[in-house]
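Q: build me a model from this:
(chains A and B)
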Amino acid sequence: MNHRNSFASCGLTFAFILVCLGTLGQGNIIYSDSSRKVESMGRRRALSILADEDTISASPIWPNINPSLFFRNISDNVRFPSRINQGTSTNFCSFAALTHLLLKYKPDVYVRILISLYRTGGAELEKKSLKPKKEILQAAGMLKNKGELDVLHANQLWFLTLADQFKGYLNFFDHKYNRGDENKIWAATNYAKFNTMLRYFTNFRVMSTGSDLFRPSKNDFYEYISGQLREGVVILYLNSKYMHPTKYTNITLRAPTHFVVLYEMYKVGDLIEIKYWDYGLKTEQLITKRRLFKMIFGVSTITSRVEENK
Amino acid sequence: MFASCAVQSERKSAKYYEKNAVAIEALKRDFDQQYKIQPFSFGFTDRSYKHYVMEVTTDTLRYVYNSEVSRSKMYETITKFNYDTVVLRRMSETMKEIRCLWLTKPSFFLEGVRESVTTLSFRSVQVEKPFVENKYYILIFADKEFQNEEVKAKIKKGDIAKIKDGVYFMIGNSFR
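A: Below you'll find the predicted structure:
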């Protein structure tokens, strides 16, 4: 019932130190006018692919997916990329952030993968094949008490497939899906796994700094992150307890729990105003510099599309 | 042994609603009235009930402002959406009086249909003592009786307790 409940369980980090350093891109192509045209074309292509699809017949591979809910969900996602929502009390925040970016910059790729999964039970990425296990085929369409996700069958199919097909060390002891695992460690994402997924899906150049245990070694987070925003699209790996602080808890675990896509960041006097995407909406919020420091554990920047640099 | 050493604190129950029913119902009426202007959630984040937090939600944007961080920005948001400041002040005073932490209207789906309720959250344990787990007492106001089997099962199991028609309470780990 309460979507904030799921904040605390979006990711878990205890054991290893993983610092991911990627390659550097060449300027911010993503925010350029030509890029916006590419996005708009991508959206038109995606909707045109959908328009040619049979949206009535059910898939024998996914017995619990309602075709009407499935195709309406895909179409809405393509038209409103910011509305993608991980649902209540799930650990799908990393997959939702990834999908938000995919829908924004590669909606046609998203539609092709989803339709391939729906029709054939599998999909080919550039560096990986997706082949969800039989328990995933059964579970998709059956998730309940997850807020709007209950009726978003394409999102159920997609998030469950991603959680099943991408594994990191956090998932080491729980590889097999059982009912309710979407709220548990089975669906958790560590930082390295997230950056790997970004690279697999978007074919973007990704630069990342941070880890599951220690904060990035930057002197001034505001300067660093606002600099990254000028370079490209920024995803923050953070502890959501510091985004919505309360004084009712005595201890806040110093570990990242959540992924958000950062859109804007600027100074307002001594404070910092941030605009970020998560849970199907953009949020505008004021925070102190100290809170920003406490909150951040990773900063991933997509600097450009690989094919545009060739 | 640990159990016997634990601090015994009284948890809020149905009696809490009955004791504060007039104030709670007035607060809900004020909230419903202001919510119609623009959906929002409202509450406190500190133990002394000094600092307000307001989350205003539009179709595309959620504004989160905390009076501890910036009172002026919060006031700017209140005026931007034309909320009645007198009613908001009255709400905050009532909330402080009855120690209510958070007011919101969450949505959920029952058999594919979107439903919405009003919830008021309170600290569950009445006396603040160390080593007492954080639990929250959540009052749920529904405009209708839910006939769904899942809801009935939760009531039967005791996860949700019925106080009277349309008013329920539950104990949760989170207040918002």
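
Q: helix, strand, or coil at the residue sitting nearest the centre point of chain B?
A: Residue closest to the mean C-alpha point of chain B, counted by Cα atoms, centre = their mean, is B:L120 at 2.1 Å. Secondary structure state of B:L120, per DSSP: H, G, I helix; E, B strand; the rest coil, is strand.

Q: spatially nearest residue to it, not counting backbone neighbours?
A: Nearest residue to B:L120, sequence neighbours excluded (Cβ to Cβ, 6 or more residues apart in numbering or on different chains): B:L139, at 4.4 Å. In this view, the C-beta of every residue, glycine as well, is placed from N, C-alpha and C.

Q: what is the strand or helix carrying the one you found packed up against?
A: Assigned by DSSP states H and E, B:L139 belongs to strand B:136-141. Contact analysis of strand B:136-141 by 3 or more Cβ pairs under 8 Å, 6 or more residues apart in numbering or on different chains; DSSP states H and E lists strand B:118-123, strand B:167-172 as its packing neighbours.

Q: any idea which of the ones you listed is most buried?
A: Highest mean neighbour count among the helices and strands packed on strand B:136-141 (mean count of other Cβ atoms under 10 Å in any protein chain shown): strand B:118-123, with a mean of 21.

Q: distance of A:N203 from B:F146?
A: Separation of A:N203 from B:F146 (Cβ to Cβ, to the nearest Å): 47 Å.

Q: any low-confidence regions in the stretch 51-200 of chain A?
A: For the stretch 51-200 of chain A, no stretch has pLDDT under 70.

Q: how does chain A divide up, domain by domain?
A: A:33-198, A:202-309 (automatic domain parsing).

Q: circling back: so who does the residue nearest to B:L120 touch?
A: By Cβ atoms under 8 Å, 6 or more residues apart in numbering or on different chains, the contact list for B:L139 reads B:Y17, B:I24, B:T119, B:L120, B:S121, B:F122, B:I163, B:V167, B:Y168, B:F169.

Q: then A:L262?
A: The contact partners of A:L262, taken as Cβ under 8 Å, 6+ apart, are A:I225, A:L229, A:V234, A:I235, A:L236, A:I274, A:K275, A:Y276.

Q: quick one on the thing from earlier: same question for the strand holding B:L139, mean pLDDT?
A: Strand B:136-141 shows a mean pLDDT of 92.

Q: could you look up the next helix or strand downstream of that strand?
A: For strand B:136-141, the following helix or strand on the C-terminal side (DSSP H and E) is helix B:149-157.

Q: and that next one, which residues are buried?
A: Applying a neighbour-count criterion of 16 or more other Cβ atoms under 10 Å in any protein chain shown, one finds B:V151, B:K154 buried in helix B:149-157.

Q: same thing with stretch A:268-288?
A: A:271-287.

Q: ok, now stretch B:40-49?
A: Buried, per 16+ other Cβ under 10 Å, within stretch B:40-49: B:F40, B:S41, B:F42, B:G43, B:F44, B:T45, B:D46, B:Y49.
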